[in-house]
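Asker: coords please:
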Amino acid sequence: MKIICVGDNVVDYYLDQQNYYPGGNAVNVAVNCKRYGAEKSSYIGVFGDDEPAEHIKKCLKDEDVDFSYSRKVYASTGMPQVSHTEDGDRVFLGGPKDTAQHIFRLRLTQNDFDYISTFDVCHTSFYSNIEPDLEKISQICNVSFDFSDDFTLEYVKSVAHLVKFAFFSGSERTEEEINELIDVVNSLGVKVIGITLGSEGALFIRKNKRYLQPVKSTQVIDTMGAGDGFIAGFLVSYITDENMEKALDFAADCAAKSCSYNGGLGYPHVFGGIYDNK
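Answerer: Coordinates of the predicted model:
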């Protein structure tokens with residue numbers, strides 16, 4: 001199984017530790033896919049020109065994730081602030097608004113499209129800002145898309161018809177809202193729909209059949225990146241043999257592992273700069 005992830009890279013700044021950790025949905029999924037058995041995992045994104053960007057690159061190198069098609073710009077790396085509740089859930093408190101992730105949009109070239117076409121699946125997300133290129137990607141590679149929890153039904157309708165694997169965070173949605181979402185996404189031809197439900201596990205739908213996967217018991221250190229770990233585990237397993245039950249069980253194991261260390265991937269780095277939240 002070969003996957004390429006296109007989109008965001010940031011560092012998550014933990015206020016209580018004064019450390020930051022590599023993150024961003026696309027980076028997290030790329031690294032976790034490689035950890036959990038992908039033959040090849042690559043990442044395309046826009047890097048800043050600062051120490052946090054170099055730290056993300058070091059993580060990718062250490063995890064054998066290729067990022068040679070990425071860009072570098074003269075801007076700082078996105079650094080959302082993070083605090084935690086007593087049970088380990090993360091709380092995002094915002095961050096700088098003049099970063100590489102805010103002021104530059106990745107514009108894919110024909111060379112990029114040729115490279116993407118060599119992979120089994122291209123994963124991206126709501127936070128990656130590549131909607132203008134999504135139709136062309138869908139013509140050359142299966143698309144996996146994480147809508148996170150910020151989606152509206154109007155946005156879903158504008159994107160999901162180009163997607164094979166659609167992932168959503170539904171822990172804050174009512175049962176009625178989730179059923180409406182499923183109906184809409186099914187009508188757009190998405191092959192596999194995945195909705196994480198927090199402590200209630202995950203609900204997946206394929207060919208109108210519903211699968212409910214409970215969470216796996218683990219000692220929770222930090223829930224950052226658990227959803228990305230779930231997505232990565234599912235994609236690696238499902239694309240290998242298309243067994244839903246097996247893929248969901250493996251994905252739950254991967255999500256549990258993601259909760260056993262700080263940060264989305266580990267790799268803490270002491271923050272020594274001045275935080276500018278402008």
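
Asker: okay, CA-based contacts and neighbour counts for the rest of this
Answerer: Will do.

Asker: Report the contact partners of residue 135.
Answerer: Residue 135 is in contact with residue 162, counting by C-alpha atoms under 8 Å, 6 or more residues apart in numbering.

Asker: what's the spacing between residue 18 and residue 84?
Answerer: 13 Å (C-alpha to C-alpha, to the nearest Å).

Asker: wait, residue 114
Answerer: Distance from residue 114 to residue 84, by C-alpha to C-alpha: 42 Å.

Asker: For these two, indicate the residue with more neighbours.
Answerer: More crowded of residue 114 and residue 84, by other C-alpha atoms under 10 Å: residue 84, with 16 against 12.

Asker: how about low-confidence regions in this structure?
Answerer: Flagging of the chain using pLDDT under 70 yields the residue ranges 86-90, 273-278.

Asker: in it, which spans are helices?
Answerer: With helices called from DSSP state H, the chain shows them at 25-35, 51-62, 100-103, 110-116, 131-140, 153-159, 175-187, 226-241, 244-258.

Asker: okay if I get those as TSV plus distance to residue 71?
Answerer: Formatted as TSV, the helices of the chain follow (distance: least, C-alpha to C-alpha, whole Å):
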stretch	distance to residue 71
helix 25-35	14
helix 51-62	11
helix 100-103	10
helix 110-116	11
helix 131-140	16
helix 153-159	25
helix 175-187	33
helix 226-241	23
helix 244-258	28
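
Asker: mind checking which of the ones you listed is nearest residue 268?
Answerer: Residue 268 lies closest, by C-alpha to C-alpha, to one member of these: helix 51-62, at 9.3 Å.

Asker: Please identify the buried residues of the closest one?
Answerer: Using 16 or more other C-alpha atoms under 10 Å as the test for burial, helix 51-62 gives 52-53, 55-57, 59-60.
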